[in-house]
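In: Have a look at this prediction, sequence included:
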Amino acid sequence: MELFTVNRYTEDQSKLAQGSGEAANEDEILQKLLQKAEKRKRKHKNIEEATVKEPEAEQSDKAVETIVQTENATEQQTETASADAKETEEEPSHDFQVLGADSSTAKRPKVEMVLPSWLAHPTIIEGGLKAADSADAEADAASIKQLPYLEKYIRSALKQMKIKRLFPVQIAVIPWILEAQAKPEPFRPRDVCVSAPTGSGKTLAFAIPIVQLLAKRVQCKVRALVVLPVAELALQVYKVFSALCSLTELEVCLLSKQHRLEDEQDKLVEQYKGVYYSKVDIVVTTPGRLVDHLHATKGFCLKSLKFLVIDEADRIMDAVFQNWLYHLDAHVRSTADQLLTGVQAPLCYQELLNSWGKQPHKLLFSATLSQDPEKLQNLRLFQPKLFTTKLTMPVLQPALDNAELPDQTSTFIGKYTTPAELTEQYCVTEMRLKPLTLYAMVLLNNWKRFLCFTNSADTANRLACVLVHLFKDSTIRVRELSAKMSATKRGHRLSDFARGNIHGLVCSDALARGIDVPNVDVVVSYEAPRHIKTYIHRVGRTARAGQKGTAITLLTDKDQANFKKMLNEVGKSMGEELIISPDIEVEHAAIYKSALELLRLRQEKKKSAIKVQKMRISRKADLHKKPEAEMTLMEKLQFKVGVQESKVKKTTKHAVIKTQKPTKRQPIKE
Ligand SMILES: Nc1ncnc2c1ncn2[C@@H]1O[C@H](COP(=O)(O)OP(=O)(O)OP(=O)(O)O)[C@@H](O)[C@H]1O
């Protein structure tokens with residue numbers, strides 16, 4: 001099984017392999033050790049002779065001199081000997097080397113990066129995305145009517161979703177999964193990793209085969225678990241599954257912090273005569289909520305899991321999300337153990353058999369899939385198979401021609417691809433004029449559907465405030481979309497944007513990944529992204545599903561070099577430069593000044609509110625320290641109110657903890 005190869009410098013080994021073999025090496029090492037021992041012996045002998053010859057007291061200086069001389073002589077001898085040895089032998093030294101002690105500035109051989117074979121030799125996804133209504137010969141070949149492996153109910157569901165033909169990633173992945181799953185036991189399908197550009201239709205690439213393979217199930221059990229990093233994405237994927245399952249008996253459930261835990265528990269399991277039964281077949285969840293249910297929901301059992309899908313896989317493999325896998329593993333192991341030890345009675349022999357060390361088929365999807373074997377190893381993939389797209393334009397052509405660009409067999413060619421339909425541009429401006437530049441761009445190009453990304457939620461908030469004021473007399477409506485907003489409010493903002501009631505949304509990167517907002521014309525990076533992955537996901541909100549789109553990055557003089565370097569490193573160019581007339585400052589001076597003034601006032605108000613809050617907290621703390629006898633009537637009242645408040649808070653907190661860990665006295669459902 002070829003899984004992961006640790007990157008190593010292999011030159012020495014290859015040289016050794018060319019030499020006379022292991023036995024010869026051992027002889028050489030032995031010879032060298034003997035030479036060293038001889039050298040040390042001679043040195044000691046010389047010192048002893050020198051001290052015996054000279055009278056101790058009066059000749060001590062001379063002794064030192066002799067020692068130095070003899071040492072020098074010995075060194076010279078050894079130097080000549082070693083020079084001779086160097087001439088005669090070409091083999092590298094096998095002595096121990098003190099790390100960091102070598103001060104030579106000689107160029108060291110480059111360490112060669114060795115990728116696991118499956119990462120270095122992926123299956124290439126051919127073809128581009130074409131608009132759904134194009135009807136040429138190639139489009140017909142991908143038409144859902146022409147694809148024999150799709151069941152009738154899937155075709156009908158796709159038709160209802162207005163999908164006429166499959167996209168390249170779907171054509172490559174769907175039949176492969178169906179075929180791998182069709183093979184009888186003990187054959188185990190290879191796990192799948194898919195790295196394809198944003199908006200290329202990865203969701204349907206895993207949803208279609210899962211629904212088709214589970215549709216014929218007899219008993220309802222959780223057989224597919226789909227994990228996504230954020231609630232919005234989970235909702236999006238849940239909707240796709242629900243649409244696909246509409247003509248089957250399969251039940252899909254969404255678990256995310258947007259709902260109450262108890263409500264989700266009701267949807268997940270039911271209890272009948274002391275036995276828990278699953279009410280769902282497919283669970284779409286965020287990692288945090290999954291862990292909540294693994295601990296708090298009695299009867300939530302994943303031992304029959306057939307598919308584990310990890311969408312936005314590189315994000316989910318981040319350290320912050322890591323522990324969900326541990327909990328999932330522990331859960332599956334403990335339920336299997338319970339069955340095997342008889343603590344929980346199996347329903348049938350097959351169930352017992354299934355619980356014995358059976359792993360789900362793992363499917364990983366991302367536009368920026370990790371190339372780090374260590375991270376991937378956490379998922380313990382089974383003989384993984386990688387599907388990836390080729391680099392698409394706009395790429396840095398000179399970089400591709402450049403001989404220094406890594407060899408395509410040792411580099412992961414699908415690592416950072418952007419849709420072919422995307423046009424990338426940049427605009428250089430001064431920091432203080434950035435909001436005004438953006439304002440001028442929107443007016444000049446009459447943008448009606450644009451997203452603007454900032455590097456922090458704070459900047460998004462301030463920028464939205466300025467833009468709302470700048471556009472107050474125009475028909476263009478710009479609003480903020482913040483992670484601090486409630487999920488419902490965020491949902492409303494997004495649907496207002498989708499309906500065209502809002503023309504521009506300003507947000508931080510928290511929402512840059514995976515969100516599928518239809519028909520976004522332009523994505524503006526108000527600040528240069530710090531990481532290439534962030535850039536890829538930001539710009540991926542436009543040019544989706546074969547549509548055209550533009551990504552513009554606002555840069556200051558200082559940002560330019562770093563941004564260029566970041567793109568060049570992955571073989572991309574910055575694209576065309578957009579020039580905005582410096583006259584904008586004069587043209588919109590009055591309104592810009594008032595917008596900045598408004599922002600200043602708002603910031604001051606915010607600051608004073610925070611100050612008041614802090615004062616209140618410290619006053620409360622002081623009151624607690626003061627003896628009751630010394631308190632004024634007002635202070636006594638304030639103290640009582642404070643105590644009451646904290647009591648209420650404590651009881652509600654307790655209630656929340658109680659609901660998260662139901663005891664035997666709190667059945668999930670009678
Ligand atoms: N075969 C198809 N025909 C037409 N539209 C499609 C097809 N497949 C997917 N789409 C549409 O393309 C859009 C993008 O799909 P999806 O969200 O699955 O992309 P993605 O590759 O997961 O993107 P990201 O990496 O940004 O999450 C969606 O609006 C989806 O409805």
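Out: Everything's here; your move. Computed from a predicted structure; not experimentally measured.

In: quick one: terminal-to-terminal distance for stretch 545-560?
Out: End-to-end span of stretch 545-560 (CA to CA, to the nearest Å): 30 Å.

In: no no, stretch 524-537
Out: In stretch 524-537, first residue to last residue: 12 Å (CA to CA).

In: so for it, what's the average pLDDT?
Out: Average pLDDT, stretch 524-537: 93.

In: List the buried residues of it.
Out: Across stretch 524-537, burial judged by 16 or more other CB atoms under 10 Å covers Val524, Ser525, Tyr526, Glu527, Ala528, Pro529, Ile532, Lys533, Thr534, Tyr535, Ile536, His537. Placement of C-beta: from N, CA and C, glycine included.

In: is the ligand contacted by stretch 192-208?
Out: Yes: shown here: stretch 192-208 in contact with the ligand (CB under 6 Å from any ligand atom) through Thr198, Gly199, Ser200, Gly201, Lys202, Thr203, Leu204.

In: List just the nearest of those to Ala609.
Out: Each of the residues of stretch 192-208 next to the ligand was checked against Ala609 using CB to CB; the closest is Thr198, at 39.2 Å.

In: Doesn't that closest one lie inside a strand?
Out: No: assigned with DSSP: H, G, I helix; E, B strand; the rest coil, Thr198 falls outside any strand and is coil.

In: so who does it touch?
Out: For Thr198, the contacting residues are Ala367, Thr418, Pro419, Gly514, Ile536, His537, Val539, Gly540, Arg541, Arg544, by CB atoms under 8 Å, 6 or more residues apart in numbering.

In: Spell out which residues of the stretch 101-250 of the chain are next to the ligand.
Out: Contact residues, the stretch 101-250 of the chain versus the ligand (CB under 6 Å from any ligand atom): Ala132, Ile163, Leu166, Phe167, Gln170, Thr198, Gly199, Ser200, Gly201, Lys202, Thr203, Leu204.

In: please redo it, this time with the cut-off set to 8 Å
Out: Neighbours of the ligand within the stretch 101-250 of the chain, by CB under 8 Å from any ligand atom: 132, 158, 161-167, 169-170, 196-205, 233, 236, 240.

In: what does this structure have sitting close to the ligand?
Out: Residues of the chain found near the ligand (CB under 8 Å from any ligand atom) are 132, 158, 161-167, 169-170, 196-205, 233, 236, 240, 311-312, 365-367, 513-516, 518, 537, 540-541, 544-546.

In: What's the ChimeraX syntax to select whichever of those are buried?
Out: Per 16+ other CB under 10 Å, the buried members of the residues of the chain next to the ligand correspond to this ChimeraX selection:
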select :158,163,164,165,166,167,169,170,196,197,198,199,200,201,202,203,204,205,233,236,240,311,312,365,366,367,513,514,515,516,537,540,541,544,545,546
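
In: What about the residues of the chain next to the ligand, which are in helices?
Out: Residues of the residues of the chain next to the ligand located in helices (DSSP state H): Leu158, Val169, Gln170, Lys202, Thr203, Leu204, Ala205, Leu233, Gln236, Val240, His537.

In: Show me what counts as buried in stretch 443-452.
Out: Across stretch 443-452, burial judged by 16+ other CB under 10 Å covers Leu443, Trp447, Arg449, Phe450, Leu451, Cys452.
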